[in-house]
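K.L.:
A structural model of the following input is requested.
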Amino acid sequence: MFKKTARILSECIDDIKLGKCSVENCISKYPYMQSSLRPLLEVAFRIQTLQDIEPSSDYKNRARHQLMKQIYNGIEALIKRPPSGYLNKIKPLPARRKIVAARLKMAALFIIVIFAISTMGTGTIYASQDSLPGDMLYPVKLITEKVELLTVRDSVSRVELYLKWTDKRVGEIKDLADRKNADKVDIAVYGYSEALNIAMENLEIDEAAELVALATTRQLAVLEEVFEKVPEQSQSAIKIAIEASKKGHEAAIWALKKDKGENIVPGKTSIPEYVPDRAKNKVDNTSIEEGKDLSESAQEAMDEAEEKAGENEDIKEKDDFIDSLPVPENVKEIIKGILR
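P.N.:
This is a model prediction of the structure:
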């Protein structure tokens with residue numbers, strides 16, 4: 001049942017976005033599913049239209065100018081060529097053993113939670129956007145982000161979406177530091193590294209490489225500022241994010257230079273010149289091995305939850321399916337109560 005509903009939902013979203021039919025036309029094709037299909041479609045497109053806070057055009061123009069000046073005007077801080085296969089194999093943190101890439105499988109995984117969100121209403125979705133790691137609504141925030149993937153149709157748009165999530169994770173890291181709640185920073189750092197890693201899968205596309213370079217440029221400056229605020233026990237997690245951002249920036253600049261046929265001088269890095277020297281020194285001189293331990297338990301939990309979801313994608317009982325979702329126990333109980 002879940003698999004069939006996910007397939008129909010995916011087909012309807014495709015047809016509506018391509019202008020082949022309206023929501024009502026799609027629902028009329030499946031009258032026996034009207035009560036379930038309508039709220040799913042409404043939530044999917046409601047999530048898609050949530051407003052994002054965009055940088056001003058002046059900021060984007062300045063950032064683009066700085067980046068292109070760095071690439072094309074003969075700066076001395078040229079970068080070293082990454083190792084063979086580096087561009088598509090960046091792993092700032094231990095890679096998840098299994099990534100749910102199929103859109104149908106993703107839809108099946110989140111379909112019950114979408115039902116819950118549709119019951120909660122738009123207010124819950126909007127409220128979740130301001131939540132932080134550790135908050136009750138934070139899983140709702142992450143799930144609504146994943147649902148956005150159903151509407152992405154090309155590689156550059158996919159990169160933009162994942163980079164939007166990296167900006168959100170950096171914002172969460174900063175907010176946690178400002179609120180003196182740094183013990184949850186490692187959750188946001190893991191999400192940042194994971195999203196950046198996926199965004200870097202298309203660096204052979206100039207536009208995608210430029211987007212990654214711009215994003216990591218501004219993120220490095222923020223992460224350096226945060227590093228000075230958090231307690232010592234949380235700094236190792238921030239170092240992981242700084243290292244991931246640095247590697248992403250280097251790989252993106254290298255991809256752009258390579259495409260333009262420019263010479264590569266080994267042994268130097270491409271950390272932007274307007275990032276504070278303290279950030280460059282910390283990235284260059286600090287080992288991050290101790291910080292990786294912070295994410296190992298989260299990594300194992302996510303792997304286990306993902307494998308369980310894959311094994312149970314065809315189960316019929318709602319409670320069993322909800323138990324397989326990678327969300328805290330208290331959130332599972334809330335969802336069960338809503339759906340009963």
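K.L.:
point out where the stretch 151-300 of the chain drops to low pLDDT.
P.N.:
259-300 (pLDDT under 70).
K.L.:
could you pull out the strands for it?
P.N.:
For the stretch 151-300 of the chain, no strands are identified by DSSP state E, counting those that start in this stretch.
K.L.:
and stretch 40-57, what's its mean pLDDT?
P.N.:
In this model, stretch 40-57 has an average pLDDT of 57.
K.L.:
my error: substitute stretch 9-25 in the last question.
P.N.:
So the average pLDDT for stretch 9-25 ends up being 79.
K.L.:
surely A244 meets S193?
P.N.:
Yes: the pair A244 / S193 is scored as a contact, 4.5 Å apart, by C-beta atoms under 8 Å. Placement of C-beta: from N, CA and C, glycine included.
K.L.:
now the end-to-end length of stretch 11-29.
P.N.:
Using C-alpha to C-alpha, to the nearest Å, the end-to-end distance of stretch 11-29 comes out at 11 Å.
K.L.:
quick one: low-confidence ranges for the stretch 1-150 of the chain?
P.N.:
Using pLDDT under 70, the flagged stretches of the stretch 1-150 of the chain are 1-7, 43-127.
K.L.:
tell me where the stretch 101-250 of the chain has helices.
P.N.:
For the stretch 101-250 of the chain, helices defined by DSSP state H, counting those that start in this stretch occupy the ranges 103-120, 122-128, 138-147, 155-178, 185-199, 206-227, 232-259.
K.L.:
most packed of those helices?
P.N.:
Highest mean neighbour count of these: helix 185-199, a mean of 24 (counted as mean count of other C-beta atoms under 10 Å).
K.L.:
so who does N202 touch?
P.N.:
Residues in contact with N202 (C-beta atoms under 8 Å, 6 or more residues apart in numbering) are 155-156, 158-159, 208.
K.L.:
no wait, V222
P.N.:
170, 173-174.
K.L.:
now swap in S28 and tell me
P.N.:
Taking C-beta under 8 Å, 6+ apart as the definition, S28 has no contacts.
K.L.:
so which helix or strand takes in it?
P.N.:
Using DSSP states H and E, the element containing S28 is helix 23-29.
K.L.:
related to what we said a few turns ago, need the contacts of V222 in CSV (columns: distance to D14).
P.N.:
Formatted as CSV, those follow (distance: C-beta to C-beta, whole Å):
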residue, distance to D14
V170, 32
I173, 35
K174, 37
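K.L.:
out of the residues you listed, who's nearest W254?
P.N.:
V170 (22.3 Å; C-beta to C-beta).
K.L.:
circling back to that earlier point, turn the helices of the stretch 101-250 of the chain into a markdown table, columns for distance to I8.
P.N.:
Converted to a markdown table, those look like this (distance: least, C-beta to C-beta, whole Å):
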| stretch | distance to I8 |
| --- | --- |
| helix 103-120 | 10 |
| helix 122-128 | 23 |
| helix 138-147 | 16 |
| helix 155-178 | 23 |
| helix 185-199 | 27 |
| helix 206-227 | 32 |
| helix 232-259 | 37 |
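K.L.:
nearest to C12, out of those helices?
P.N.:
Short answer: helix 103-120, nearest of the helices of the stretch 101-250 of the chain by C-beta to C-beta, at 10.9 Å.
K.L.:
phi and psi next, for Y30.
P.N.:
Reported as degrees, to the nearest 10, the phi and psi values for Y30 are phi -130, psi 70.
K.L.:
check G19 too.
P.N.:
G19 adopts backbone torsions of phi 80, psi 20, taken as degrees, to the nearest 10.
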